[in-house]
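Visitor: After the sequence you'll find the predicted model.
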Amino acid sequence: MRNYAQDSIISNKKEPKKGVISYKKLIHFYFDNAISKTKYFILFLLLISFLLGLIMTVVHYSINQDKEGSFFDNWWTSITTILGIGSGPNWTDRIINFLYWSFSVAISGSIIGFIAKGISNLVEQLKKGKSQVVCKNHILILGWSNSIFSILKELSIANENIKNAVVIIFSELDNEKMQDEIAAKVDVKLNLKIITRSGDTSSPIELEMANPTDAKNIIVLGQDQNSDTKVITTILALHSMLKKTKISIIAQINDAKHVKNISQIKNINIIPVLSKNIITNLTAQTLRQNGIGTVILDLLDFDGDEIYFSEIPQLVGKTYLEALLSFDDSSVMGIIDIENQTQLNPDNDTIINKGDKLIVISKDDDTVIYSTAQLANQNNFILPEVSSEKKDNNILFIGWSSVGIDIVTSLVPFLNSTSKITVVYLPEYVDLNNISINIYNNIKIEFIPVSGSDFDLETFVKKGNYKEIMIIGYTDKLSIPEADTMTLLEMLKLDNIKQNELTNKFRVIAQILDSSKAKLAEFTETEELIISDNLVALLMSQLIENPDLHFVFNDLFDAEGASINMCPIEEYAELNTEISFADLVFTAGKRNQSAIGVKIENTNISNHTEGIFLNPSKKTKINPKKGDQIIVISSTIY
C-alpha cells in the first residue's frame, strides 16, 4: 500500500548533487587508508602525542602562568611525559634520551610481540583440540550428530554418583564449534567433564589423540542416513588399536545390510545400533497399546528406574516365581544364565542356578536388595479364563515414507487379522514404490492419495472411527525440517478435530525427526510423541553403561519373544478390594508373567505419562478399579 505522508516527507529533503563528494567523506576515506598502513599509523600516533602535548602545555599555562622555561621547552616536557621518553636539560640530552627510548621500544616491542605471538599460537592450537588426551576409563564419543546432546544429558544422570566422570568427544567438526554447540543446546548443568578434540575418526594415527585404548566404552555416531561408510571406517581404525580388549563399541548404523559385515570383524566387541529399527519398533509398540511407549521410554532413560543385572546367591536353587517376590523395591523380569543367554520372563518353575543373574528394574544398582519372599501375602483370587486372541485395531496413518513400511512390518505381528490400517498421503511427497505392497501378514492396507487443499480430514476421521492416528513425516522427498513442519501442521489439525464433541475419541501418535522441534509439539494435544534422534541417544546411552542390555531390548521389541503388555487388572484381582502390588506380582507369576507396574485409570489425568507406575514397592496398596491395568512381561500378546 502506498504511503502518501511518507512521499511528502521525502520530497521536502534536498538531494545532494550527483557526482559531488563531501569533504567529510574525503577526509574519512584518506584517513582510513593512511592509518591502515603500519608506518603511517606510527606517524599518526606521534602526531597525536605532539597535539596532546600542546593541549596539556596550554592547560598548564592557563593554570600557572609563572611556569619556568620557554613555551617550546614546556611543550617538549609534556610530549616526553606522554611518551615516557624522559626529558633533559638541553637538546643534546633530549636527543640522546629520545634515541634510547626508540631503541628500547623497538627491542622490547619485538620481544613482547614475539612472546604474544607464541602465546597466541599456543591458544589457537589448544582451541583446535589437537593435544593428547591422558584420561583413563573415560567414555569416548567418535563423530557428531544431533543425538549427542541427549546422550550427554543421559550420561550426566547415569554418572551422578561418580566423581569426575569424563566424556571425550572426537570428531571432524571444528573444536570451537563443538564447544559452542554444546553450550548452546545442552540447557542443563552436566555432571560431566567434557573434553573435545578435532580430527579424522577414520585415521588410527589421529585417533591416538583420544586415547581409545584406555576408554571405558566407545560410541560411534553417524551424521546422517548416508554416514554408514564413515562409521565402518572408524570401526576399522579402532580394530587396529583395540584387538582382544574388552572395550565395547556401540556403533550407530542406518542400513541393516552393514550389520552383517560388521559382525564378521573378529577380536573386537561391536554392538550395532540400527537407528531405523529403534524408531520403527518403539512406534509399533506405542501403536498397539496405550501406555507401552511410555513404559519403554522409562526403561530407556536414566531419569527414574532402569534395568540392572544382579547375581543373588540366596536364590540359587529356588524358582523364578520365588525370585519375583524376593525384592521389595525391584521388579524381576528375566534371567541371564552363566552362558550369557538372556531369558525374559522364563517359566515360573525355572530353577535359578549358580552364576545366573537376574534382570531387574530398580532405582539404582544398590537398591537391588534381597528380602524374604512375600508368599504369605498371596491372595485366593481365582484366575478367570483369558482369551489369547489378539485385539482388533483400526489405525489411520497420515503421511507416508519408507519408515511407514518398517513400522507396519513391526506392528502387524501384534494385530488380529481383522484389524484395519488406512493410509492417507499427499502423492507429490511420497515415493510410489513405497505404496506398492498392500498386504502385510494377511492384514490389508488401504492407501488413499489426497489433495492437500480439497481433503476434508475432519469428515474422514469421523467416518473412519479410528482408535489410533499416526502422523509420519514425508521423508522420501522432503528434508527433515520440512517433514517436521508438515507433521506439526497435521498435529494442529487433529487438535481442532478433537475439540469437536461429536468426534469419536482417538489417540494421536506423531513422529518428530529433529528433537529441537519437540518444544513446538508440546503445545498440541498429541498423546505420544516419537522423537527419532532422541530415541537413538537414549538407547546408546544405556548400552554405553551396560553393553549387554542390547540382548534385553532386542527381545522386548521382537514379537516372537517376550513383550510388554497392559492387561485389565480385574483379571488379576477383585475390583474395589484393596491389595498390595506383591499380590498382583504373585497372581501374574502364576500365569507365567512378570509384573513390573500398574496403570491407574483416572479421568482427571491430562498427561498420558501420569497414571503409569513402573516398579512400585511390593508393599504399595492398590484399590483396583474398572479401567486400571497391570503392566507385565509376557510371551502372550494382548
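Guide: Structure received.
Visitor: Let me know how buried the spatially closest residue to residue 473 that is not a sequence neighbour is, in neighbour terms.
Guide: Spatially, and ignoring its direct neighbours in sequence, residue 473 is nearest to residue 483 (3.4 Å; Cβ to Cβ, 6 or more residues apart in numbering). Heads up, the C-betas are built off the backbone N, CA and C, glycines and all. Counted with other Cβ atoms under 10 Å, the neighbours of residue 483 add up to 23.
Visitor: What distance do you get for residue 483 to residue 469?
Guide: Look at residue 483 and residue 469: by Cβ to Cβ, to the nearest Å, they are 17 Å apart.
Visitor: Confirm that residue 404 sits in a strand.
Guide: No. Judged by DSSP: H, G, I helix; E, B strand; the rest coil, residue 404 forms no part of a strand; its state is helix.
Visitor: Where does residue 353 sit: helix, strand or coil?
Guide: Under three-state DSSP, residue 353 falls in the coil class.
Visitor: residues contacting it?
Guide: By Cβ atoms under 8 Å, 6 or more residues apart in numbering, residue 353 lies in contact with 316, 337-338.
Visitor: Same list (those residues) but as CSV, adding neighbour count.
Guide: Shown next, in CSV, are the contacts of residue 353 (neighbours: other Cβ atoms under 10 Å):
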residue, neighbour count
316, 13
337, 15
338, 11
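Visitor: Switch those over to CSV; also include distance to residue 206 and secondary structure.
Guide: Below are the contacts of residue 353 laid out as CSV (distance: Cβ to Cβ, whole Å; DSSP: H, G, I helix; E, B strand; the rest coil):
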residue, distance to residue 206, secondary structure
316, 49, coil
337, 42, coil
338, 41, coil
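Visitor: which outside residues touch the helix or strand hosting residue 556?
Guide: Using DSSP states H and E, residue 556 sits within helix 549-557. Helix 549-557 is contacted from outside by 271, 273, 277, 281-282, 285, 296, 307, 334, 336, 342, 344, 359, 410, 539, 542-543, 561-564, 633, using Cβ under 8 Å, 6+ apart.
Visitor: Show me those that map onto strands.
Guide: Under the assignment DSSP state E, these contribute 271, 273, 307, 334, 336, 342, 344, 359, 563-564, 633 to strands.
Visitor: On the strand side of things, show who residue 633 bridges to.
Guide: Taking DSSP bridges as the rule, residue 633 bridges to residue 564, residue 594.
Visitor: OK, contacts around it?
Guide: Residue 633 makes contacts with 333-334, 344-345, 556, 562-565, 593-594, 596, as judged by Cβ under 8 Å, 6+ apart.
Visitor: Which of these scores worst on pLDDT?
Guide: Ranked by pLDDT, the contacts of residue 633 bottom out at residue 556, which scores 83.
Visitor: How about residue 243: what's its closest non-neighbour residue?
Guide: Nearest non-adjacent residue to residue 243, counting by Cβ to Cβ, 6+ apart: residue 267, 4.7 Å away.
Visitor: quick one: the one you found is in a strand?
Guide: No. Counting by three-state DSSP, residue 267 falls outside a strand, being coil.
Visitor: Can you name every helix or strand that the helix or strand encompassing residue 566 contacts?
Guide: In this assignment (DSSP H and E), residue 566 forms part of strand 563-568. When contacts are defined as 3 or more Cβ pairs under 8 Å, 6 or more residues apart in numbering; DSSP states H and E, strand 563-568 packs onto helix 292-300, helix 549-557, strand 629-634.
Visitor: swap the cut-off to 6 Å and go again
Guide: With contacts defined as 3 or more Cβ pairs under 6 Å, 6 or more residues apart in numbering; DSSP states H and E, the packing partners of strand 563-568 are strand 629-634.
Visitor: where's the residue nearest to residue 242 when sequence neighbours are not counted relative to residue 548, distance?
Guide: Distances taken as Cβ to Cβ, 6+ apart place residue 268 nearest to residue 242, at 5.7 Å, with adjacent residues excluded. Look at residue 268 and residue 548: by Cβ to Cβ, they are 16 Å apart.
Visitor: higher neighbour count, these two?
Guide: With neighbours defined as other Cβ under 10 Å, residue 268 and residue 548 compare such that residue 268 has more, 19 against 16.
Visitor: Show the backbone phi and psi for the more buried one.
Guide: The phi/psi pair for residue 268 (degrees, to the nearest 10) reads phi -150, psi 140.
Visitor: what's the answer for residue 154, then?
Guide: Backbone torsions for residue 154, taken as degrees, to the nearest 10, come to phi -70, psi -40.
Visitor: With the one 10 residues further on instead?
Guide: Here is the backbone geometry of residue 164 (degrees, to the nearest 10): phi 60, psi 40.
Visitor: any idea how far residue 214 is from the residue lying closest to it once chain neighbours are set aside?
Guide: For residue 164, ignoring the flanking residues on the chain, the nearest one in space by Cβ to Cβ, 6+ apart is residue 193 at 6.2 Å. Separation of residue 193 from residue 214 (Cβ to Cβ): 15 Å.
Visitor: And residue 592, by the same measure?
Guide: Per Cβ to Cβ, residue 592 is found 45 Å from residue 214.
Visitor: And the helix or strand encompassing residue 197, what does it pack against?
Guide: Counting by DSSP H and E, the element that carries residue 197 is strand 193-198. Where contact means 3+ Cβ pairs under 6 Å, 6+ apart, strand 193-198 is packed against strand 166-171, helix 175-185.
Visitor: Tell me how the chain divides into domains.
Guide: In terms of domains, the chain is parsed into 27-128, 138-267, 394-538 (source: automatic domain parsing).
Visitor: Switch the ones you listed over to JSON lines; also include distance to residue 328.
Guide: Output for these, formatted as JSON lines (distance: least, Cβ to Cβ, whole Å):
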{"stretch": "domain 27-128", "distance to residue 328": "52"}
{"stretch": "domain 138-267", "distance to residue 328": "21"}
{"stretch": "domain 394-538", "distance to residue 328": "28"}
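Visitor: Of those domains, which is nearest residue 601?
Guide: With distances scored as Cβ to Cβ, the stretch of the domains of the chain nearest to residue 601 is domain 394-538 (13.8 Å).
Visitor: show me the residues around the most centrally placed residue in the chain that make contact.
Guide: The residue lying closest to the centre of the chain (Cα atoms, centre = their mean) is residue 150, at 2.4 Å. Neighbouring residues of residue 150 by Cβ atoms under 6 Å, 6 or more residues apart in numbering: 534, 537.
Visitor: do residue 155 as well
Guide: Shown in contact with residue 155 (Cβ under 6 Å, 6+ apart): residue 541.
Visitor: any idea how far residue 186 is from it?
Guide: Per Cβ to Cβ, residue 155 is found 11 Å from residue 186.
Visitor: What segments of the stretch 251-400 of the chain are helices?
Guide: With DSSP state H, counting those that start in this stretch as the criterion, the stretch 251-400 of the chain has helices at 257-263, 275-288, 292-300, 320-324.
Visitor: ok now stretch 270-278, how far from the chain's centre?
Guide: 15 Å (Cα atoms, centre = their mean, to the nearest Å).
Visitor: What lies in contact with it?
Guide: The contact list for stretch 270-278 (Cβ under 6 Å, 6+ apart) reads 248-254, 256, 259, 262, 535-536, 539-540, 543, 547, 550.
Visitor: In ChimeraX, select just the buried ones from those residues.
Guide: In ChimeraX, selecting the buried portion of the contacts of stretch 270-278, with burial taken from 16 or more other Cβ atoms under 10 Å, looks like this:
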select :248,249,250,251,252,253,254,259,262,535,536,539,540,543,547,550
